[in-house]
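Colleague: Prediction below, plus the sequence it came from.
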Amino acid sequence: MDRTTRQAALWATAVAVPLTLIVALLAIVATRPGESPAAEPSPTAPRPQSTTPVAMDAPKLSERATVVCRALVSQLPTAVRDLRLRPVTAGHEQNAAYGDPAITVSCGGPKATFPPTDQVFQLSRVCWHQVDRAEATEWTTVDREVPVRVTVPKSYDGPAQWTTAFSNTVLGTVRSLQQIPTGCKP
């Protein structure tokens with residue numbers, strides 16, 4: 001390499017490295033939440049929410065279901081969108097509730113039973129069966145060793161979208177069944 005080329009490379013490095021550091025610092029400062037006075041407000045204001053415990057049943061679980069449900073509940077998020085986690089009246093190791101009215105998550109209840117003609121839905125790689133009730137839509141896993149049920153009150157739009165918020169936690173904590181129902185296979 002000749003002297004001119006070497007000198008040009010040194011100058012390019014001397015200019016590029018500090019410039020890169022300055023751009024990186026500006027990018028970090030600009031993307032820090034709440035640090036910038038021009039930060040955008042949240043598109044949805046937090047919903048008013050009760051902090052009283054949500055009434056839930058706690059059926060007796062087998063030893064294996066107890067272990068699985070504890071793992072599931074321990075990994076649930078502290079909030080889903082703008083709904084914060086609330087206390088439950090029973091089964092804190094198998095139940096969780098979010099928001100007001102409460103979206104509930106229960107682990108270890110009865111398996112979903114449904115006619116073979118009913119549709120099942122794969123939501124974020126977990127298979128769910130949907131049952132519409134008068135006050136809420138219930139989604140129960142049909143491809144997991146221990147059933148997980150998410151109940152979404154009718155006052156929330158898009159019950160399937162609320163249910164998918166729990167799919168990654170279900171995937172990470174509840175093993176898949178050997179026999180996956182027809183309609184759930186990717």
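Modeller: Great, that's in hand. Numbering: from 1, shown residues only.

Colleague: rest of the way, CA atoms for contacts and neighbours
Modeller: OK.

Colleague: how near is S124 to V150?
Modeller: As judged by C-alpha to C-alpha, to the nearest Å, S124 and V150 stand 14 Å apart.

Colleague: Same check on L76?
Modeller: Taken as C-alpha to C-alpha, the span from L76 to V150 is 12 Å.

Colleague: Looking at these two, which is more packed in?
Modeller: Neighbour tally, L76 and V150, criterion other C-alpha atoms under 10 Å: the higher count belongs to V150, 27 against 18.

Colleague: Can you list the low-confidence ranges for this structure?
Modeller: Applying pLDDT under 70 to the chain flags residues 1-47, 186.

Colleague: Repeat the analysis, applying 90 as the threshold.
Modeller: 1-51, 116-117, 178-186 (pLDDT under 90).

Colleague: Okay, strands next: where are they in it?
Modeller: For the chain, the strands defined by DSSP state E occupy 79-80, 83-86, 95-98, 103-107, 120-123, 126-132, 136-141, 148-153.

Colleague: so what's the residue nearest the centre of the chain closest to, chain neighbours aside?
Modeller: When the chain is reduced to its mean C-alpha position, the nearest residue by C-alpha atoms, centre = their mean turns out to be A165, at 3.2 Å. Leaving aside its sequence neighbours, A165 sits nearest to V80 (C-alpha to C-alpha, 6 or more residues apart in numbering; 6.8 Å).

Colleague: any idea how far W162 is from that neighbour?
Modeller: For V80, the distance to W162 equals 8 Å [C-alpha to C-alpha].

Colleague: Likewise for N95?
Modeller: N95 sits 16 Å away from W162, going by C-alpha to C-alpha.

Colleague: who touches stretch 163-177?
Modeller: Stretch 163-177 has contacts (C-alpha atoms under 8 Å, 6 or more residues apart in numbering) with 68, 71-72, 75-76, 80, 123-126, 139, 143-146, 148, 150, 152.

Colleague: Show me which of those are buried.
Modeller: Buried by 16 or more other C-alpha atoms under 10 Å: 68, 71-72, 76, 80, 123, 125-126, 139, 143-146, 148, 150, 152, out of those.

Colleague: Which of those residues sits closest to A102?
Modeller: When those are compared for distance to A102 (C-alpha to C-alpha), V152 comes out closest, at 7.6 Å.

Colleague: Make sure the closest one is actually in contact with E138.
Modeller: Yes: counting by C-alpha atoms under 8 Å, V152 touches E138, with 6.4 Å between them.

Colleague: For P153, grab the count of nearby residues.
Modeller: Counted with other C-alpha under 10 Å, residues neighbouring P153 total 20.

Colleague: what does G172 give?
Modeller: The tally of other residues near G172 (other C-alpha under 10 Å) stands at 11.

Colleague: Tell me the spacing between it and T151.
Modeller: Going from G172 to T151 by C-alpha to C-alpha gives 20 Å.
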